[in-house]
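Engineer: here is a sequence with its predicted model. Questions after.
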Amino acid sequence: MNTDRQFHLDAETSDSEKRRREEHFHTVEVPRLRLIGFALVTALVLLREAFVSESHTDPVRIAVIVVTYSLVSWLVLYAGFAKVRPFVNLGTVFLAVDIIFFVLAIYLTGGDRSWLFFLLFIRTADQANTSFRRAEHRDVSWPAEIFKVALLYSANFYISLTARTAERLRARLVSAIRLSRKLVGQLQDQSHELNEARRAAEKASRVKSEFLANMSHEIRTPMNGILGLTSLTLESPLTADQHENLTLVQASAASLMQILNDILDLSKIEAERMTIDPVRFHVREWLDRCVKPLVKSARAKGLELASGVADGVPNEVIADASRLQQVLTNLIGNAIKFTEHGRVDVRVALEEQTVDAAVLHISVADTGIGIPADRQQAVFRAFTQVDSSTTRRYGGTGLGLTISRNLVAMMGGRLRLESEEARGSRFHFTTRVGLPVAGSVPAPGPAKIEKPGYQDKPMHVLLVEDNLVNQRLASRLLEKKGHTVRTASTGSEGLDALQRERFDLAFMDVQMPDIDGLTVTRIIREREARGAFPANPNGRLPIIALTAHAMVGDRERCLQAGMDGYLSKPIDAAALAEEIRRVVSTDVTSHK
């Protein structure tokens, strides 16, 4: 009988056989199985590399590593198992080391995506010694073996569920990435559309500004002639009918100019280019200047126009007097227009005051037609009136209150309305004003103050203007003040005149057919610097822009080009005289 199959009753012999079988198992059988197993793994890697196109493993390196490990471990076990057995079981050590090389093979074939991941489960089963007999003389403990198998498959099932969950998470991540890319694309498209819309809006704004500028120029130029020549004719001997007719022409032209100014003011407000320029002024004198021009129209309708300033209101304040006057004039004009009988009251009161500032409360009340409650907010919208019949009966564009409300807001206040239909209306607003510091220079009074260095004497004036009507009007206004005028229809003619004659003052149109007025002014300043012109009394020719350009920034462009003053058409005789006084006196003072 084969001794391996013999059953020994002698305990010593039985232990010796057991040690011999254990040594044979660890030094021969396990190393042989290890070599065969790793060889099979290498063969599987080679087959996958050959048949799977997307595989990017290195089968040669894997084969060298695992086969070398199998042979070296076999040699170490064969030579040293018995020697170190009393201290450590080399077979168990190399069974543990096997796991490292299994993991290495998995890493070299893709890591967590490796198709060799199942080796870990097989190795776990091997390590668990799930054989039917651990020794030939022992029976199988079926409950224990079934539990081990169940545990192995439960772990495998758990790993599978985890992998499925991970796959779901990966799918969600991929879906989120795709959604993110889609949203980014949509945002880029929307950004492109917004940029296109912004460019279109900017283009539309430029077109609008150009249209308003051209409209302003083309309307102001003939209106300048109508208003100016009408004023000059009214000063000449006329019959009663002629005087009445020309007065109506003048009033109609003035109304048309007011409409144009309202449209330009609204465009400035919409473009946020309307500016507030605070100055020091007398409140009571300012109110008189606002009310006085409207007294005549109120009396013509049989209305009483009353005004007053409360006792507590400071005499002098710092604010934009011209813009406040624009608002108040509009409110008083509306009150007179919509009131058939009764009175219009204008009041200025003090709402609050500190050391350096105050809040004024200004109100205009009338006994006119009133405004229904459901239309009181609509009247503040542009081009809107109470109803269409109001427009037909009273006229107007519906811009005045819109502009007034915006101007009041820019000055730190709010325009309000209280009205009852058929009983009258009360418009009132507040505005914050500064208070002058004690000891500072007082505001100039209404008296005319002669500026130092200026003498109201006849001057030789160059008028560069391409429109014949405007040439005639400006020449007549200047000649009435005792000045001599030399006209030029183009910029080139103006430059030629300066080469031949000496002038005390020049008026320059901006828009001309050959060389525009800004360019002519720059050429004049450049030639003056070189001494190319005959000497002027002050060494520098004062130039005043006389133009129909009245948009935001036009005045600044004229001054930057080298001009000294600016007058917009239509020409007002008083404004013309004052601008001449300011420019010439400033020029004289600066050259003293």
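Structural biologist: Cool, got the structure.
Engineer: all strands for the stretch 201-350 of the chain, in order.
Structural biologist: Listed in chain order, the strands of the stretch 201-350 of the chain (DSSP state E, counting those that start in this stretch) span residues 279-282, 304-309, 316-319, 343-353.
Engineer: count of neighbours near Glu285?
Structural biologist: Glu285: 16 surrounding residues under other C-beta atoms under 10 Å. The way it works is simple: take the backbone N, C-alpha and C, and place the C-beta from them, glycine included.
Engineer: the residue nearest the centre of the chain and Gly308, how far apart?
Structural biologist: Centroid-nearest residue in the chain: Arg198, 10.3 Å away (criterion: C-alpha atoms, centre = their mean). Arg198 sits at a distance of 51 Å from Gly308 (criterion: C-beta to C-beta, to the nearest Å).
Engineer: buried stuff in stretch 296-308?
Structural biologist: Neighbour-count burial for stretch 296-308, counted by 16 or more other C-beta atoms under 10 Å, picks out Ala298, Leu303, Leu305, Ser307.
Engineer: among these, which pair sits farthest apart?
Structural biologist: The largest separation in the buried residues of stretch 296-308, counting by C-beta to C-beta, is between Leu303 and Ser307 at 12.9 Å.
Engineer: His361 belongs to a strand?
Structural biologist: Yes - counting by DSSP: H, G, I helix; E, B strand; the rest coil, His361 is found in a strand.
Engineer: I'd like to know how many residues surround it.
Structural biologist: His361 is flanked by 17 other residues according to other C-beta under 10 Å.
Engineer: also Glu23?
Structural biologist: Neighbourhood size, Glu23 [other C-beta under 10 Å]: 16.
Engineer: for it, list the residues it contacts.
Structural biologist: Phe81, Ala82, Arg85 (C-beta atoms under 8 Å, 6 or more residues apart in numbering).
Engineer: need those in JSON lines (columns: distance to Asp189 and pLDDT).
Structural biologist: Formatted as JSON lines, the contacts of Glu23 follow (distance: C-beta to C-beta, whole Å; pLDDT from 0 to 100):
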{"residue": "Phe81", "distance to Asp189": "73", "pLDDT": "83"}
{"residue": "Ala82", "distance to Asp189": "78", "pLDDT": "83"}
{"residue": "Arg85", "distance to Asp189": "76", "pLDDT": "82"}
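Engineer: among these, who's most crowded?
Structural biologist: For the contacts of Glu23, the largest neighbour count, defined by other C-beta under 10 Å, is 19 neighbours, found at Phe81.
Engineer: return the distance of that one relative to Val584.
Structural biologist: Relative to Val584, and taking C-beta to C-beta, Phe81 is found at 122 Å.
Engineer: what do you get for Phe380?
Structural biologist: 44 Å.
Engineer: more crowded one of those two?
Structural biologist: Val584 (25 against 15).
Engineer: for the helix or strand containing the more buried one, name the packing helices and strands.
Structural biologist: For Val584, the host element (DSSP states H and E) is helix 573-590. In terms of contacts (3 or more C-beta pairs under 8 Å, 6 or more residues apart in numbering; DSSP states H and E), helix 573-590 is packed against helix 468-480, strand 505-508, strand 543-547, strand 565-568.
Engineer: show me where the stretch 301-450 of the chain has helices.
Structural biologist: Secondary structure of the stretch 301-450 of the chain, counting by DSSP state H, counting those that start in this stretch: helices at 321-337, 388-394, 400-410.
Engineer: what helices and strands are in contact with the longest one?
Structural biologist: Using 3+ C-beta pairs under 8 Å, 6+ apart as the contact definition, the elements that helix 321-337 packs against are helix 283-300, strand 343-353, strand 357-366, helix 400-410, strand 424-434.
Engineer: and the helices and strands packed on helix 573-590 as JSON lines, adding mean neighbour count?
Structural biologist: As requested, the helices and strands packed on helix 573-590 are arranged in JSON lines below (neighbours: other C-beta atoms under 10 Å):
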{"stretch": "helix 468-480", "mean neighbour count": "18"}
{"stretch": "strand 505-508", "mean neighbour count": "26"}
{"stretch": "strand 543-547", "mean neighbour count": "26"}
{"stretch": "strand 565-568", "mean neighbour count": "21"}
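Engineer: so which of the ones you listed gets nearest Val283?
Structural biologist: Set against Val283 and scored by C-beta to C-beta, the helices and strands packed on helix 573-590 come closest in strand 565-568, at 27.9 Å.
Engineer: what comes into contact with that closest one?
Structural biologist: Strand 565-568 is contacted from outside by 220, 507, 542-550, 554-555, 558-559, 575-576, 579-580, 582-583, using C-beta under 8 Å, 6+ apart.
Engineer: separate out the buried members of those.
Structural biologist: When the contacts of strand 565-568 are checked for burial by 16+ other C-beta under 10 Å, the buried set is 220, 507, 542-550, 554-555, 558, 576, 579-580, 582-583.
Engineer: quick one: average confidence on stretch 198-217?
Structural biologist: What stretch 198-217 shows for mean pLDDT is 75.
Engineer: cool, stretch 143-152 as well?
Structural biologist: Summarised as a single mean, pLDDT over stretch 143-152 is 67.
Engineer: the helix or strand where Glu23 lies: how far from the chain's middle?
Structural biologist: Assessed by DSSP H and E, Glu23 sits inside helix 11-24. Centroid separation for helix 11-24 versus its chain: 92 Å, with C-alpha atoms, centre = their mean, to the nearest Å.
Engineer: could you do stretch 168-180 as well?
Structural biologist: So, by C-alpha atoms, centre = their mean, the centroid of stretch 168-180 is 35 Å from its chain's centroid.
Engineer: how about low-confidence regions in the stretch 401-550 of the chain?
Structural biologist: 438-456, 534-538, 549-550 (pLDDT under 70).
Engineer: part of a helix, is Pro458?
Structural biologist: No - going by three-state DSSP, the assignment for Pro458 is coil, not a helix.
Engineer: residue contacts, it?
Structural biologist: Pro458 makes contacts with Lys481, Gly482, His483, Thr484, as judged by C-beta under 8 Å, 6+ apart.
Engineer: which of these tops the neighbour count?
Structural biologist: Ranking these using other C-beta under 10 Å puts His483 first, with 18 neighbours.
Engineer: surely that residue meets Leu462?
Structural biologist: No - His483 is beyond contact range of Leu462, at 10.7 Å (criterion: C-beta atoms under 8 Å).
Engineer: overlap in contacts of those two?
Structural biologist: Leu505.
Engineer: so how far is Leu44 from the closest residue to Arg323 other than its chain neighbours?
Structural biologist: Distance criterion C-beta to C-beta, 6 or more residues apart in numbering; nearest residue to Arg323, sequence neighbours excluded, is Leu407 at 5.2 Å. The gap separating Leu407 from Leu44 is 88 Å, by C-beta to C-beta.
Engineer: so which elements touch the helix or strand containing Ala529?
Structural biologist: Assigned by DSSP H and E, Ala529 belongs to helix 517-530. Contact analysis of helix 517-530 by 3+ C-beta pairs under 8 Å, 6+ apart lists helix 491-500, strand 505-508, strand 543-547, helix 554-560 as its packing neighbours.
Engineer: export that helix as PDB, just CAs?
Structural biologist: Taking Å, rounded to 0.1, in the frame of the first residue of the first chain, the C-alpha atoms of helix 517-530 are listed here in PDB:
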ATOM      1  CA  GLY A 517     -16.200 125.900 -38.300                       C
ATOM      2  CA  LEU A 518     -14.200 123.700 -35.800                       C
ATOM      3  CA  THR A 519     -11.500 123.100 -38.400                       C
ATOM      4  CA  VAL A 520     -11.400 126.800 -39.400                       C
ATOM      5  CA  THR A 521     -10.900 127.700 -35.700                       C
ATOM      6  CA  ARG A 522      -8.100 125.200 -35.300                       C
ATOM      7  CA  ILE A 523      -6.400 126.600 -38.400                       C
ATOM      8  CA  ILE A 524      -6.800 130.200 -37.100                       C
ATOM      9  CA  ARG A 525      -5.200 129.200 -33.700                       C
ATOM     10  CA  GLU A 526      -2.300 127.400 -35.400                       C
ATOM     11  CA  ARG A 527      -1.600 130.400 -37.700                       C
ATOM     12  CA  GLU A 528      -1.800 132.800 -34.800                       C
ATOM     13  CA  ALA A 529       0.800 130.800 -33.000                       C
ATOM     14  CA  ARG A 530       3.100 131.300 -36.100                       C
END
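Engineer: good, wrapping up.
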